[in-house]
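1. no sequence on this one, just coordinates:
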C-alpha cells in the first residue's frame, strides 16, 4: 500500500483507520503479525464507498469478525481488514416475532443473550462459539448436528465494487463449513427464522450446550476452535446438516498425536482437533504442527485433512 493510498483511506474514512496494527491483539490464537490497515466500519454507506475505493486501487481486503477461526502468519497481512460495528452490529425484531435481523458485526454471545431475553429458539447450538454473525454465516457454523444455514431466511451483502444486495435462502448455496460466494463479498445482515419459546427454555438449552463444550473442549488455552474439517464420507439423504460423521479429532488421536508440541503450540489432550497456544507460540509453530498432523493422519489413515480455520498473511 502506498503512502498516497493510505492518505486517501484516511480522508475517505474520516476516523477509525489504524495502520500496521498488530493482529495478535485481535485473534483468539493471540498470534500474528501486523495488518497494513485496520478499519472499523460503522455505517453501510461508508462501507460501500470504502469497498469501492479498495477495488478501484486493487487493495486486498477482508472482514475480521471476532478473530476466531483464524490464523494470521507472523509477517502479517497485506491490505485492509475490516471490523463491522455500529449500525452493522445491531439486532432487530420483526413485527411477526418469528424473524430477526442481526448485523454481520453482532457477536454471537450478544445474539445468544438477545435470544435468551426475548424467548427466541433455534440458534442455541451456537452458544459458546466465539465469533460474529457474519463469520458464522460465511463458514456455515455448526455444532451438535445443527448448522446455521437451517435458520437463515435472507442475507444481505456488499459486493466487490460496493453494490449492496439481498439474497433469499433459495438463492444461496451452502455446504459443510462454507457459504459459496464471490471473493470479496461481505455479509452485512442476516435474517433468521426462529421459534417462540420461554426465556427459561432457551436458557436451559444454551446451558446444556455450554456444559458439553466445557467438558470436551480446551477452553483454558487460546485456540481458533476446530483446526480441521471432518473428512467427507458417504452422503446422507433426508438430513438438513452437511456435517460428515467421521471426526478429524478421532483420526488425529488414533495417529497418536494428542499432546504433541512444536514450540508453544500443542495438540490438545482434551480434544485432538484443537491446536492450542500453550504460551509463547508463533503462527509458524501452529502451522508446523498442522503440517505434521496432516502428514501423520495421511500416513496412518490414508485421509487428507482439510483446514477449517482460515490462514491469512505472508
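-> All right, it came through fine. Just so we're clear, the structure is a prediction, and the values are computed from it rather than from any experiment.

2. hey, let's count contacts and neighbours off CA atoms from now on
-> Noted.

3. which residue packs closest to the residue nearest in space to the middle of the chain, ignoring adjacent ones?
-> With distances taken as Cα atoms, centre = their mean, residue 135 lies nearest the centre of the chain, 3.7 Å away. Nearest residue to residue 135, sequence neighbours excluded (Cα to Cα, 6 or more residues apart in numbering): residue 65, at 5.8 Å.

4. same thing with residue 85?
-> With Cα to Cα, 6+ apart as the measure, residue 42 is the residue that lies nearest to residue 85, at 4.9 Å, once sequence neighbours are left out.

5. now do residue 288
-> residue 262 (7.2 Å).

6. One more: residue 149?
-> Nearest non-adjacent residue to residue 149 (Cα to Cα, 6+ apart): residue 140, at 6.1 Å.

7. residue boundaries of the strands in the stretch 151-300 of the chain?
-> All strands of the stretch 151-300 of the chain, identified by DSSP state E, counting those that start in this stretch, fall at 152-158, 164-168, 173-175, 178-180, 186-193, 195-196, 261-262, 265-267, 275-277.

8. thinking the residue nearest to residue 149 is in contact with residue 173, fair?
-> No: contact status for residue 140 versus residue 173: not in contact, 10.4 Å apart, counting by Cα atoms under 8 Å.

9. Between the two, which contacts overlap?
-> residue 179 (Cα atoms under 8 Å, 6 or more residues apart in numbering).

10. So which of the two has more stuff around it?
-> residue 140 (21 against 11; other Cα atoms under 10 Å).

11. State the distance from the more buried one to residue 150.
-> 9 Å (Cα to Cα, to the nearest Å).

12. re earlier: report the secondary structure state of the residue nearest to the centre of the chain.
-> State at residue 135, reduced to three classes by DSSP: H, G, I helix; E, B strand; the rest coil: helix.

13. For the chain, which segments are assigned as helices?
-> In the chain, the segments counted as helices under DSSP state H are 3-13, 44-56, 108-118, 133-138, 199-216, 248-254, 283-301.

14. if we can go back for a sec, will you turn the strands of the stretch 151-300 of the chain into JSON lines that also has mean pLDDT and distance to residue 223?
-> Putting the strands of the stretch 151-300 of the chain into JSON lines (pLDDT from 0 to 100; distance: least, Cα to Cα, whole Å) gives the following:
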{"stretch": "strand 152-158", "mean pLDDT": "98", "distance to residue 223": "28"}
{"stretch": "strand 164-168", "mean pLDDT": "97", "distance to residue 223": "33"}
{"stretch": "strand 173-175", "mean pLDDT": "94", "distance to residue 223": "24"}
{"stretch": "strand 178-180", "mean pLDDT": "95", "distance to residue 223": "20"}
{"stretch": "strand 186-193", "mean pLDDT": "98", "distance to residue 223": "24"}
{"stretch": "strand 195-196", "mean pLDDT": "94", "distance to residue 223": "32"}
{"stretch": "strand 261-262", "mean pLDDT": "98", "distance to residue 223": "14"}
{"stretch": "strand 265-267", "mean pLDDT": "98", "distance to residue 223": "10"}
{"stretch": "strand 275-277", "mean pLDDT": "98", "distance to residue 223": "5"}
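
15. and the end-to-end length of stretch 297-313?
-> Using Cα to Cα, one end of stretch 297-313 lies 26 Å from the other.

16. what sits up against that stretch?
-> Stretch 297-313 has contacts (Cα under 8 Å, 6+ apart) with 69-78, 177, 224-231, 248, 251-252, 255, 294.

17. Can you flag the buried ones in those residues?
-> Neighbour-count burial (16 or more other Cα atoms under 10 Å) applied to those gives 69-74, 76-78, 177, 224-231, 248, 251-252, 255, 294.

18. returning to that earlier point: got a list of what the residue nearest to residue 135 touches?
-> The contact partners of residue 65, taken as Cα under 8 Å, 6+ apart, are 83, 84, 105, 131, 132, 134, 135.

19. nearest to residue 11, of those residues?
-> If you rank those by distance to residue 11 using Cα to Cα, residue 83 comes first, at 18.1 Å.
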